[in-house]
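**Q** I'd like to go over a predicted model; first the sequence, then the structure.
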Amino acid sequence: MRIGLIGLGRIGAFHAATLADLSTVDTLVVADAVPAAVEKVVAALGATAAGSLEELLAAVDGVVVAAATDAHPKLILAAVEAGVPVFCEKPVARDAAEAADVLRRVEASAVPVQIGYNRRFDAGVVAARAAVISGELGRLHTVRSTTMDPAPPPAGYLAGSGGIFRDCSVHDFDIVRFVTGREVVEVYATGCAHGDPVFAASGDVATATAVLTLDDGTLGVVSNTRYHGRGYDVRLELHGSLDTVAAGLEDRLPVRSVEPGVTFPAGRAHQSFMDRFGPAYRAELAAFTEVVAGTRPSPCTVADAVEAGWIAEACTLSLREHRPVRLEEVRTPTPA
């Protein structure tokens, strides 16, 4: 199978190594605006360089997009128009309204598109979803999803990120929908801007909490921060009337217990998303090769990503106006 890769920054270079190691990928064709990045991957992995987008799309069976966010809509649509299945890192576009327009155009085609929400492929999250589906938790009443970064990204990135809900919490919003199989109907969000002045200057916050009400009454609590000094903490808890399960509750959890005699967790704390989710990224890209081969449907569609984006928009509005926000207030109907 011939797979293309557009964008060779931090996550793109990581994907290049993963793709080159997949037994289903015979040829890796890469492109980036920075020639040195292309040369490095070609030398390290034996990849083939493409001189243009058109050249790359003509040479591959599927394409992975890991370029900057602003380029996502153009690249997704170019691949779809060329009839090439495409995997694109989240987000689909800079805001949910633009993403909804991409969805409208993609749905007019039979070309499959997969969006990169890697947590759907984490073994613990998959097991937690299975526990919900089986009914072993009983009536699900509370979902807690946590993403805590050890330090914020560069100020230049933060200034254009769209805010913590669109950039960080959106992973939690997607996973709440994924594990419960339910839709969010209302949100209430709050936060504080302690830390780098860039947060207050851009109208963003460094630490946030959102309470989500799902369509069956289940409550979701999403907690995020840019300052979790002990490490990269991503957890998911599902609380039901019969049982409770958690994903991410393992020896590398970046939490220190102060209970006498308790040594858990005892491992070296996770420090980055690539450290925490390496196996999930591999499983995600392996799944994409199955999508390209036509043996499975997209496991995370543009529609899924758009819905997570609307939740982020609602939380952003809730934070700004200090009130609960119904999803219908922000959602733009997708034309038939």
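**A** Good, I have the coordinates. As the structure is a prediction and not an experimental result, all values here were calculated from the model.
**Q** now the strands for the stretch 201-336 of the chain?
**A** 207-214, 219-225, 233-240, 244-247, 325-326 (DSSP state E, counting those that start in this stretch).
**Q** Mean neighbour count added to those, as JSON lines?
**A** In short, each C-beta sits where N, CA and C put it, glycine included. Formatted as JSON lines, these follow (neighbours: other CB atoms under 10 Å):
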{"stretch": "strand 207-214", "mean neighbour count": "21"}
{"stretch": "strand 219-225", "mean neighbour count": "21"}
{"stretch": "strand 233-240", "mean neighbour count": "21"}
{"stretch": "strand 244-247", "mean neighbour count": "18"}
{"stretch": "strand 325-326", "mean neighbour count": "17"}
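**Q** pLDDT-wise, which helix or strand of this structure ranks last?
**A** helix 155-159 (a mean of 77; mean pLDDT, DSSP states H and E).
**Q** what comes into contact with the following helix or strand past it?
**A** Using DSSP states H and E, the helix or strand that directly follows helix 155-159 along the chain is helix 164. Contacts with helix 164, where a contact means CB atoms under 8 Å, 6 or more residues apart in numbering, come from 191, 204, 205, 206, 208, 224, 226.
**Q** cool, stretch 231-240 as well?
**A** With CB under 8 Å, 6+ apart as the test, stretch 231-240 has contacts from 119, 124-125, 128, 131-132, 137-150, 175, 179, 244-249, 253-255, 269-273, 275-277.
**Q** Filter the contacts of helix 164 down to the ones in helices?
**A** Residues of the contacts of helix 164 located in helices (DSSP state H): none.
**Q** what's the farthest-apart pair in those?
**A** Across these, no pair lies farther apart than 204 and 224, at 11.4 Å, counting by CB to CB.
**Q** quick check: mean pLDDT across stretch 201-208?
**A** The pLDDT scores in stretch 201-208 average 93.
**Q** If you count neighbours, what's buried in that stretch?
**A** Residues of stretch 201-208 classed as buried under the neighbour-count rule (16 or more other CB atoms under 10 Å) are 202, 204, 205, 206, 207, 208.
**Q** Residue 26: how many residues sit nearby?
**A** 10 (other CB atoms under 10 Å).
**Q** Pop out the phi and psi values for it.
**A** Dihedral pair for residue 26: phi -90, psi -40, per degrees, to the nearest 10.
**Q** what do you get for residue 5?
**A** When read as degrees, to the nearest 10, the backbone of residue 5 gives phi -140, psi 120.
**Q** could you list every residue that touches it?
**A** Contacts of residue 5 were listed using CB under 8 Å, 6+ apart, and they are 12, 15, 16, 19, 28, 29, 30, 31, 47, 63, 64, 66.
**Q** try residue 53
**A** Neighbouring residues of residue 53 by CB under 8 Å, 6+ apart: 6, 31, 75, 78.
**Q** Then residue 332?
**A** Residue 332 neighbours (CB under 8 Å, 6+ apart): 96, 97, 100.
**Q** mind checking the SS state of the nearest residue to residue 161 once chain neighbours are set aside?
**A** Of all residues not flanking residue 161 in the chain, residue 167 sits nearest, at 4.1 Å (CB to CB, 6 or more residues apart in numbering). Counting by DSSP: H, G, I helix; E, B strand; the rest coil, the backbone at residue 167 sits in helix.
**Q** Now do residue 167 against residue 226, distance only.
**A** According to CB to CB, to the nearest Å, residue 167 stands 10 Å off from residue 226.
**Q** One more: residue 36?
**A** Distance from residue 36 to residue 226, by CB to CB: 30 Å.
**Q** Verify the contact between residue 9 and residue 69 for me.
**A** No: if you go by CB atoms under 8 Å, residue 9 and residue 69 don't touch, sitting 11.5 Å apart.
**Q** Compare these two (neighbour count), which wins?
**A** residue 69 (19 against 14).
**Q** show me the contacts for that one.
**A** Contacts of residue 69 by CB under 8 Å, 6+ apart are 91, 93, 94.
**Q** can you check residue 249 too?
**A** Counting by CB under 8 Å, 6+ apart, residue 249 has contacts 124, 235.
**Q** Would you agree residue 145 falls within a strand?
**A** Yes: per three-state DSSP, residue 145 lies within a strand segment.
**Q** bridging residues for it?
**A** On the basis of DSSP bridges, residue 145 is bridged to residue 222, residue 236.
**Q** what sits against it?
**A** Neighbouring residues of residue 145 by CB under 8 Å, 6+ apart: 172, 175, 176, 220, 221, 222, 223, 235, 236, 237.
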